[in-house]
Structures are given as C-alpha cells and as structure tokens.
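1. just need the structure, nothing else, for what follows:
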Amino acid sequence: VSPNSLNRIRVDEDDHKSLEDLLIYEYGEQNKGKRLEYLNVNHVIWSDEADFKTDYSFLIGFPSESVLIETSDDEEAVLKDFKLRWIRQDLEAVSRAPLDTENRSIFEKHRSSTRLSISPDGLSGCPVFSIVQDAKKDRHLRFDGIVTNARGDRFAVYPSVHIRAFLDNLTSG
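-> Numbering: from 1, shown residues only. Now for the predicted structure:
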C-alpha cells in the first residue's frame with residue numbers, strides 16, 4: 001500500500017542535520033481542508049520543558065520477539081494466528097556516551113526495573129514518555145520523543161521538541 005503523502009522534518013541548523021531522518025506517511029483519502037484537524041498539540045508537554053521533575057520514564061512498543069505467529073499444521077504457508085503484543089520498558093535518562101547517535105536523548109533500562117531485557121529489534125518508532133511533577137507536585141505526562149535506534153538496553157530517542165515544530169506546520173496548513 002502506497003502512502004498518499006510523505007512529510008519529512010527539516011532542520012535549518014547544520015549541526016542538527018541528523019534530525020532529518022523522521023518521516024510521517026499518511027494513508028487513505030485526505031481532505032486538504034480537514035487534514036490532521038483532530039491533532040491538538042497545544043497541551044502536550046515536550047522534551048525541552050525544564051520546569052518538571054521526572055518521576056518515571058517508559059517506552060511502549062512492539063518488539064519483533066513479541067510477535068506470535070502460528071501456521072497451519074497442514075500447510076506451513078497458511079497463517080493460522082498472528083498476534084503482535086506490546087511491551088512497556090522502564091527507562092531512565094542517562095548521559096551521552098561517545099558512540100551514541102548525535103542529537104538524541106539517551107535512555108537506558110531503569111536500574112531498578114524488574115522487567116526483562118529484550119532485543120530492541122522492532123522498537124524503532126515507539127514513543128517514550130515520562131511522568132513528571134511540576135512545582136505544585138501535580139503530575140503530568142511528558143512526550144519525550146521517539147526511539148530511532150538502540151543497543152541492548154540503551155535507547156537513542158529523537159527529542160519531541162523537534163517533532164513539535166513539524167506537527168505545528170502540519171496542523172496549520
């Protein structure tokens with residue numbers, strides 16, 4: 001199935017050209033007058049919001065190893081059952097290391113997590129969120145970004161602040 005449109009993030013700063021690898025494909029019929037009108041990003045807390053204390057970070061995704069495929073006993077090419085199961089992984093923000101992807105936020109599996117480590121294959125594109133606390137101790141959900149690549153329990157996350165400008169542009173036109 002071919003997409004109807006392709007939208008690519010553009011960054012004007014030369015030092016941030018590596019941030020241009022995010023694409024959004026749109027499928028189905030589009031009415032240009034109603035394009036993405038349902039997407040309200042005015043109340044999202046983005047990755048650059050500094051006035052919050054992070055309580056807990058996590059990703060939600062569909063790793064390749066969580067797929068259950070059952071084929072027919074008679075014919076291996078006949079699919080009997082297919083289930084794509086999601087996982088949540090506990091994370092914590094960590095400092096960058098020399099081999100980390102540039103212009104990304106780095107998260108690792110939380111050191112206190114009781115969740116199993118899994119192969120990160122299939123987690124590219126999954127969202128990363130944090131439960132954060134404001135000065136009044138009210139809690140909010142912050143969208144930290146999207147996983148672009150990982151090594152073991154270490155995840156490079158495309159910061160949501162760069163996604164915001166892109167979404168603002170999409171929803172305004």
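2. from residue 67, how far off is residue 84?
-> Distance of residue 84 to residue 67, computed by CB to CB, to the nearest Å: 6 Å. C-betas here are computed from N, CA, C, even on glycine.
3. ok, now residue 118?
-> To residue 67, residue 118 is 12 Å away according to CB to CB.
4. neighbour count winner among the two?
-> Using other CB atoms under 10 Å, the more surrounded residue of residue 118 and residue 67 is residue 118, with 18 against 12.
5. count the neighbours of the closest residue to that one other than its chain neighbours for me.
-> Counting by CB to CB, 6 or more residues apart in numbering, residue 63 is the residue found nearest to residue 118 once chain neighbours are left out, at 5.3 Å. Residues lying near residue 63 (other CB under 10 Å) number 19.
6. tell me the predicted confidence for residue 63.
-> Looking at residue 63, its pLDDT reads 88.
7. for residue 105, same thing?
-> Reading off the confidence values, residue 105 has pLDDT 94.
8. same thing with residue 16?
-> Here, the pLDDT recorded for residue 16 equals 63.
9. what do you get for residue 125?
-> 88.
10. which strand residues bridge the closest residue to it other than its chain neighbours?
-> Residue nearest to residue 125 in three dimensions, not counting chain neighbours: residue 146, with 6.0 Å by CB to CB, 6+ apart. Taking DSSP bridges as the rule, residue 146 bridges to residue 127, residue 158.
11. and residue 146, how many neighbours?
-> Residues lying near residue 146 (other CB under 10 Å) number 20.
12. that one and residue 116: what is the separation?
-> 23 Å.
13. kindly report the same for residue 47.
-> Residue 47 sits 27 Å away from residue 116, taking CB to CB as the criterion.
14. with neighbour numbers in mind, choose between those two.
-> More crowded of residue 47 and residue 116, by other CB under 10 Å: residue 47, with 21 against 8.
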